[in-house]
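# give the three-dimensional model of this entry:
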Amino acid sequence: MTGGPAANRLPFTLPRLGLGTAPLGGLFEEVSDEEAAATLEAAAEGGMSYIDTAPRYGHGLAERRLGGLLPASAGAAPVISTKAGWLLRPRPDGSPGEVITDWTERGIRESLESSLARLGRSSVDILYLHDPERFPDEIRRTAYPAVRRLREEGLVKAIGFGMNHCAPLASYVAEFEVDVVLVAGRLSLLDHDALTEVLPTCARTGTAVVVGGVFNTGLLADPTPGAMFNYQPAPAASLERARQCRDLCEAYEVPLPAAAIQFPLLHSAVDSVVLGCRSAAEVTANVAAARFPVPDELWQRLARAGFVPERLLEERVG
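Residues are numbered from 1 along each chain as shown. The predicted structure follows:
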């Protein structure tokens, strides 16, 4: 294929900054209803007008909170994405039970219908197939055809994949016609894996890109002992690398989170960055970091230290 990047397939414009709701589902620690409400209110006030959720976030809790709280949020209706491929099976007493994979058309429809009921909506903007890297046969036979039909029926406006494994994600984008992908943890100051195949493939096919996990589960937000890195306690080498990155940023009087949030947006294929927040204070801090001026000199210094690929800066200048 020759020529420039393909036109974006999305039928709407993605906001540059979005709110991830895994923390509102209780990831790592509980969040009260009051804290969840304050978080969503702060997000609306701060312009985080894209909200990503999933049934697996707190066994439906994040979606239920969105359904109860979003109608009271200020401003225009946000872009909302949720996910399918895993079904919630509560215990007889109604408490959370197991989560099972189901990539059949009936399972995909049941997942979306349950999500819509929790969200109090008749449709959502984006439906991602959630963590499908181990199920290529099921995706081909049933799951992808199912989400295409849901899009044709108007229950969702756009379809795609949400995952943190780059090789299968790039393969899916190349094989299937999808509108958008969410790649988590693989495009950060500490991890450039998405640059190899995912972003070039998305640019070629006109697939929009949402990036999550820019802090790599917290390490790039606060590289202190006990910080998490990719959902596990950070190894000593990763902690030291994150501290080096922080020190470079501080030399230019730039907070590390500002560089971490803005880094993915250096790539022209990236449309949006989604940030998981568990409090209004985190929302306010992240919105401020997203707007904090990062001088070109710092990007160049980070590139020389290996935190930013040189070619991103060359493309940015060009």
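# quick check: Pro78 touching Ile51?
Yes: the pair Pro78 and Ile51 passes the contact test of C-beta atoms under 8 Å, sitting 5.0 Å apart. (Each C-beta comes from the backbone N, C-alpha and C, glycine too.)
# give me the more crowded residue out of the two.
Neighbour comparison, Pro78 and Ile51: the larger count goes to Ile51, with 26 against 20 (by other C-beta atoms under 10 Å).
# what's near enough to touch the more buried one?
Each residue near Ile51 by C-beta atoms under 8 Å, 6 or more residues apart in numbering is listed here: 18-19, 21, 40, 43, 66, 70, 78-81.
# could you identify the most distant pair in the residues you listed?
Leu40 and Ser81 (15.2 Å; C-beta to C-beta).
# would you report the backbone torsion angles of Ala7?
Ala7 adopts backbone torsions of phi -70, psi 140, taken as degrees, to the nearest 10.
# per-residue pLDDT, the nearest residue to it once chain neighbours are set aside?
Distances taken as C-beta to C-beta, 6 or more residues apart in numbering place Gly206 nearest to Ala7, at 5.2 Å, with adjacent residues excluded. You'll see Gly206 listed with a pLDDT of 96.
# same thing with Arg316?
According to the predicted model, the pLDDT of Arg316 comes to 71.
# tell me which stretches of the chain form strands.
Per DSSP state E, the chain carries strands over the ranges 17-20, 50-52, 79-84, 86-89, 98-101, 124-130, 156-163, 180-184, 208-212, 228-229, 232-233, 270-276.
# list the pairing partners of the second one within its sheet, with orientation.
Pointing back at strand 50-52 there. Strand 50-52 has these partner strands in its sheet, going by DSSP bridges: strand 17-20 (parallel), strand 79-84 (parallel).
# kindly report the same for the fifth one.
In the sheet containing strand 98-101, its partner strands are strand 86-89 (antiparallel), by DSSP bridges.
# likewise the longest one?
Strand 156-163 has its sheet partners listed here by DSSP bridges as strand 124-130 (parallel), strand 180-184 (parallel).
# thinking again about what came up before, what do Pro78 and Ile51 both touch?
In terms of C-beta under 8 Å, 6+ apart, Pro78 and Ile51 are both contacted by the residues Leu70.
# can you pull up the most central residue in the protein?
A centroid search over the chain (C-alpha atoms, centre = their mean) returns Gly212, at 3.3 Å, as the residue closest to the centre.
# residue contacts, that residue?
Applying C-beta under 8 Å, 6+ apart, one finds that Gly212 lies in contact with 20, 52, 182-185, 273-276.
# any chance of those residues in JSON lines with neighbour count as columns?
Formatted as JSON lines, the entries for the contacts of Gly212 read as follows, by neighbours: other C-beta atoms under 10 Å:
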{"residue": "Gly20", "neighbour count": "25"}
{"residue": "Asp52", "neighbour count": "27"}
{"residue": "Leu182", "neighbour count": "27"}
{"residue": "Val183", "neighbour count": "26"}
{"residue": "Ala184", "neighbour count": "25"}
{"residue": "Gly185", "neighbour count": "23"}
{"residue": "Val273", "neighbour count": "26"}
{"residue": "Val274", "neighbour count": "26"}
{"residue": "Leu275", "neighbour count": "28"}
{"residue": "Gly276", "neighbour count": "25"}
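# mind listing the helices in the stretch 151-300 of the chain by residue range?
Counting by DSSP state H, counting those that start in this stretch, the stretch 151-300 of the chain forms helices over residues 166-175, 198-205, 236-251, 256-262, 280-291, 296-304, given from the N-terminal end onward.
# which strands and helices lie in contact with the shortest one?
For helix 256-262, the elements it packs on are helix 236-251, helix 280-291, judged by 3 or more C-beta pairs under 8 Å, 6 or more residues apart in numbering; DSSP states H and E.
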